[in-house]
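Q: here is a sequence together with a model predicted from it:
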Amino acid sequence: MSKTIRLTMAQALLRFLDAQYVSVDGVERKFVRGVMGIFGHGNVTGMGEALERQRGGLDFLQGKNEQGMAHAAIAFAKQKNRLEIFACTSSIGPGALNMVTAAATATINRIPLLLLPGDIFACRQPDPVLQQIEHGADYTVSANDAFKPVSRYWDRISRPEQLMTAAVHAMRVLTDPEETGAVTLALPQDVQCESYDYPQEFFEKRVHCQERRPPSEEAMKRAISLVMGKKKPLIIAGGGVHYSLATDALADFARTFHIPVAETQAGKSALPWDSEWNAGSIGVTGALPANRLAAEADLVIAVGTRLSDFTTASKTAFRNPDVEFLGINVSRMDAAKLSAHELVADARIALKRLGQQLLAEGYRSSHNRAELSALNGEWRAEVDRLYAARAEAGLTQTEVLGEINRIVGEDAVIVCAAGSLPGDLHRLWRSRKAKSYHMEYGFSCMGYEVAGAFGVKLAEPKCDVYALVGDGSYLMLHSELLTSIQEGVKINILLFDNHGFQCIHNLQRSNGSDGFGNEFRRRSQNGSLDGAYLPVDYAAHARSMGADAWTVKSLEELREALDAARHSPVSALIEIKVLPGTNTDGYESWWRVDPAGVSNSEKVTAARERMERQLGFAKPF
C-alpha cells in the first residue's frame, strides 16, 4: 500500500498547488506563486486555516475586492507569458460572484486563472445558510454555477477525495496553451475542513511540459503553396506571438520576406515601434499604414490572434477580392476564423519552419522598403502632430500621452483596458521593448487597470509600472491600490479625468445621439443629467489611502508630477485634467454598432443608413 498523509481537503489542495511546475524548452519554473484571498464564512475555516498554517512555499496576498484581486492574478499571469499564476479564494455568494467578471476576462484572453470560491454545505444540513441561493427546481445549484459558462474547466468538490481528480484536470487546462482560461473549483465550506488520508504521491512534484506543437507536413505544404501565390501579404501579430516567445522569429520572418507586420492590442510591442517592417496597429483602433495595407492585402497571415471585430474592423478591413487568410494558432478554433487555411501549431515553430521552406523556394513579397517607409513616415508625422496638439481650454488627451510616452522610458510597462485610452494607446504609443505594453482588450473590462498594474508589478518588480485609466474606470474599481500600499509593491496611476464615460459618449453621438447618460453631471432643474460637472478630487482620494498624489492641469505640472512619482517610495496617483473629446478616431476603419432602425431623429436615421452601406464591405463569415 502507498503511504498516506491525513489532511483537510483545503490543506491537501495547497500542498498540491505548491508542487506544480511547468517546463518550456527544457526550462522548469514553479507554476503557482501563491494565493490571493478575501475570507468569509465560506472559506475562512477551511482555506483560511490552511493558508495560515500549511501554505508551504506559497505566498498569500490579501485582496480588497474579489474582482480586483482576480484581475491582478490575470495581469500577473499575462505578464509572465502564462507560465506562473496566483490562485484566488473567496467566500460564498457575493464574494464568489464578484469573480465571475474576472473569469470571463481570463477565458476570453486565454489567460490561466485558478478560482477557488467557497460554496454552500455539501451535507445540506444547515441549509439555507447565509448568502445561499435556493433554486426551487434544482437544489444542487448554487451561486457558483454562474462560473460554468465563463470557465474552461469547472468542478465542485463535494467529497474530499474528489480533489485528486479535479486538481489534476485543473492543471491540465491551466497549463495547456490551447485550452487555458479560467478554472473554477467550487469548494463547499464543510468539505474544505473534512480530513482524508491522501496518498503521498499526490503531493509529489509534477512538471507540466508545454511541448511546442509542430505543424503537420500536409498543413505546411498547403501553407507554402498559398504564400507562394501571393504578392501583397500582411502579418497580423496577436498575443500568441508573446506567449510563444516568438518575437525574434516574427522579426526575422518579416525582414527576410519583406512582409509588413500589423499588431493587435495583445500583440503590440511584438516589434519595436520603429522597426522597419512594423506597420503599426490595425483595425478599429488602428493606424493608417496597417489599415491601408490590410485593404489591399491578397494574403493575411494571422499569427496568434483571435481576429476579433476590432482587429478586422467588423470584417471590413480586407477589401481585396482575392484576399485569403492563413491562420497560425495553437487553437484550431482561432486558426479557422475567416475561413482561413489552418496551420495549427506553436507560433515560433510555425514561423521558423515556414520561413525555412519559403527561403528554399526563393519567395519574397512585392512590398518594398520605400513603400512602407513612406507610409510609416506619414503616420509618424501624424503622431507627432497629435502629441503636439494644444488647446487653450486645457490639456488634450493626445498631448498628455505624448509627454508620458517621452518621460516614462522604454523599460516602463503601461497597463490599460477600457475607455478612449486603448484606442489612443494602440495608435500612438511608441513601444520599444516586448511586454512593455499590457492591454486587456479581449474583454475591455473597466476596472482592470489599477488591479492589473498591481499584478504586473508583482511580475516585473524591477520595472516602473503605470496604470493609464479614465475616471469612469477608476471609480468602478480601484481597491487594489490599497493592496499595493500594504504590500509595498509600488504602482503609478495616471488618471485621465474627462468627467465621465467619454468613449461611449463619443460613440453615441457619432450614431445620432445628442449625448445622454454618459457624463458625470449634476441633475439640472429640468430633471436631466445635464448640469455642471461633478467636482471630484481623485488625488485627495488616493492620499486618503496612503498614496502620494498630485493634480495637474498643465504640461509643466505633469512633468513635475511624473518626476515626483518616479522618486516616491509608495504608490502614486496623478490626476490629469483633460478635455473631453480630445482623443483620436477613425483612420480608414469602421466598427459596427447598429443605430436604431426606427427613430424620430434624422441624425439617427442617417447613421443607420451609413451603417447599412458599410455592411456591403463586410465578409459574411
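A: It's in.

Q: tell me which residue is most central in this protein.
A: Centrality entry for the chain: nearest residue to the mean C-alpha point is residue 440, 2.4 Å, by CA atoms, centre = their mean.

Q: test my guess that that one contacts residue 72.
A: No: Residue 440 is beyond contact range of residue 72, at 11.6 Å (criterion: CB atoms under 8 Å). Just so you know, the C-beta spots here come from the backbone N, C-alpha and C atoms, and that holds for glycine as well.

Q: joint contacts of those two?
A: Taking CB atoms under 8 Å, 6 or more residues apart in numbering as the contact rule, the neighbours common to residue 440 and residue 72 are residue 452.

Q: looking at stretch 455-473 now, give me its mean pLDDT.
A: Mean pLDDT, computed over stretch 455-473, is 98.

Q: first-to-last residue distance for it?
A: Chord length of stretch 455-473, first to last residue, is 17 Å (CA to CA, to the nearest Å).

Q: state the pLDDT value of the spatially closest residue to residue 11 that is not a sequence neighbour.
A: For residue 11, the nearest residue in space outside its immediate sequence neighbours is residue 50; the separation is 4.4 Å by CB to CB, 6 or more residues apart in numbering. pLDDT recorded at residue 50 is 98.

Q: can I get the stretch of helix or strand residue 50 belongs to in PDB, CA atoms only?
A: Using DSSP states H and E, the element containing residue 50 is helix 47-53. The C-alpha trace of helix 47-53 is given here as PDB (Å, rounded to 0.1, in the frame of the first residue of the first chain):
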ATOM      1  CA  MET A  47      -8.800  27.600   3.000                       C
ATOM      2  CA  GLY A  48      -8.100  30.300   5.600                       C
ATOM      3  CA  GLU A  49      -6.800  27.800   8.200                       C
ATOM      4  CA  ALA A  50      -4.700  26.000   5.600                       C
ATOM      5  CA  LEU A  51      -3.200  29.300   4.300                       C
ATOM      6  CA  GLU A  52      -2.400  30.400   7.900                       C
ATOM      7  CA  ARG A  53      -0.700  27.200   9.000                       C
END
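
Q: tell me the buried residues in that helix?
A: 47, 48, 49, 50, 51 (16 or more other CB atoms under 10 Å).

Q: beyond that helix, next helix or strand please.
A: strand 59-62.

Q: now for that following strand, which elements pack on it?
A: The criterion is 3 or more CB pairs under 8 Å, 6 or more residues apart in numbering; DSSP states H and E, and the helices and strands that strand 59-62 contacts are strand 32-37, helix 480-487.

Q: and residue 206, how far from residue 551?
A: In this view, residue 206 and residue 551 are 51 Å apart by CB to CB, to the nearest Å.

Q: how about residue 587?
A: Residue 587 sits 32 Å away from residue 551 when distances are taken as CB to CB.

Q: same thing with residue 586?
A: When distance is defined by CB to CB, residue 586 is 31 Å away from residue 551.

Q: give me the more crowded residue out of these two.
A: Residue environment comparison for residue 586 versus residue 551 gives the larger neighbour count to residue 551, 17 against 13, counting by other CB atoms under 10 Å.

Q: now the more buried one, what's its secondary structure?
A: Per DSSP: H, G, I helix; E, B strand; the rest coil, the local secondary structure of residue 551 is strand.

Q: if we can go back for a sec, let's have the helices and strands packed on strand 59-62 in TSV, adding mean neighbour count, mean pLDDT and distance to residue 218.
A: Shown next, in TSV, are the helices and strands packed on strand 59-62 (neighbours: other CB atoms under 10 Å; pLDDT from 0 to 100; distance: least, CB to CB, whole Å):
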stretch	mean neighbour count	mean pLDDT	distance to residue 218
strand 32-37	24	98	38
helix 480-487	23	98	48
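
Q: closest one to residue 165 among these?
A: Comparing these by their distance to residue 165 (CB to CB), the top pick is strand 32-37, with 18.5 Å.

Q: which strands border that closest one, and is each parallel or antiparallel?
A: Using DSSP bridges, the strands paired with strand 32-37 in its sheet are strand 59-62 (parallel), strand 85-90 (parallel).

Q: next, the buried residues of the shortest one.
A: Spelled out, that is strand 59-62. Using 16+ other CB under 10 Å as the test for burial, strand 59-62 gives residue 61.

Q: and the very next helix or strand once past it, C-alpha only, in CSV?
A: Sequence-wise, the next helix or strand beyond strand 59-62 is helix 66-79, with elements assigned using DSSP H and E. What follows is helix 66-79 as a C-alpha-only set of coordinates in CSV (Å, rounded to 0.1, in the frame of the first residue of the first chain):
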residue,chain,number,x,y,z
GLU,A,66,-12.7,39.8,-5.2
GLN,A,67,-12.9,41.0,-8.8
GLY,A,68,-9.9,43.3,-8.3
MET,A,69,-7.6,40.5,-6.9
ALA,A,70,-8.6,38.2,-9.7
HIS,A,71,-7.8,40.9,-12.2
ALA,A,72,-4.4,41.2,-10.5
ALA,A,73,-3.9,37.5,-10.9
ILE,A,74,-4.8,37.7,-14.6
ALA,A,75,-2.3,40.5,-15.2
PHE,A,76,0.4,38.6,-13.4
ALA,A,77,-0.1,35.5,-15.5
LYS,A,78,-0.4,37.5,-18.7
GLN,A,79,2.9,39.4,-18.0
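
Q: what angle sits between helix 66-79 and strand 85-90?
A: Angle between the axes of helix 66-79 and strand 85-90 is 170 degrees (criterion: axes from the mean of the first three to the mean of the last three CA atoms, to 10 degrees).

Q: by contact count, what packs against helix 66-79?
A: Packing partners of helix 66-79 (3+ CB pairs under 8 Å, 6+ apart): strand 32-37, strand 85-90, helix 100-109, strand 113-119, strand 437-439, helix 448-459, helix 480-487.

Q: the bottom helix or strand of this structure by mean pLDDT?
A: None of the helices or strands of the chain scores lower by mean pLDDT, DSSP states H and E than helix 502-510, at a mean of 86.

Q: residues making contact with the helix or strand following that one?
A: Proceeding N to C from helix 502-510, the next assigned helix or strand is helix 538-544, under DSSP H and E. Outside helix 538-544, the residues within contact range by CB under 8 Å, 6+ apart are 471, 474, 481, 493, 495, 497, 548-551, 572-575.

Q: about what we covered before: what about the helices and strands packed on strand 59-62, which gets the closest to residue 603?
A: When the helices and strands packed on strand 59-62 are compared for distance to residue 603 using CB to CB, the nearest one is helix 480-487, at 40.6 Å.

Q: neighbouring contacts of the closest one?
A: Contact partners of helix 480-487, identified using CB under 8 Å, 6+ apart, comprise 61-65, 68-69, 71-72, 450-451, 453-454, 457, 489-491, 493, 542, 545-547, 570-571, 573.

Q: where does residue 197 sit: helix, strand or coil?
A: Residue 197 ends up strand, using three-state DSSP.

Q: my guess is it contacts residue 5. True?
A: Yes: under the criterion of CB under 8 Å, residue 197 is in contact with residue 5, at a separation of 7.3 Å.

Q: compare those two (neighbour count), which wins?
A: Each of residue 197 and residue 5 has its neighbours counted (other CB under 10 Å); residue 5 has more, 14 against 11.

Q: secondary structure element holding the more buried one?
A: Using DSSP H and E, residue 5 maps to strand 4-8.

Q: distance between that strand and the chain's centre?
A: Its chain's C-alpha centre lies 39 Å from the corresponding centre of strand 4-8 when counted by CA atoms, centre = their mean, to the nearest Å.
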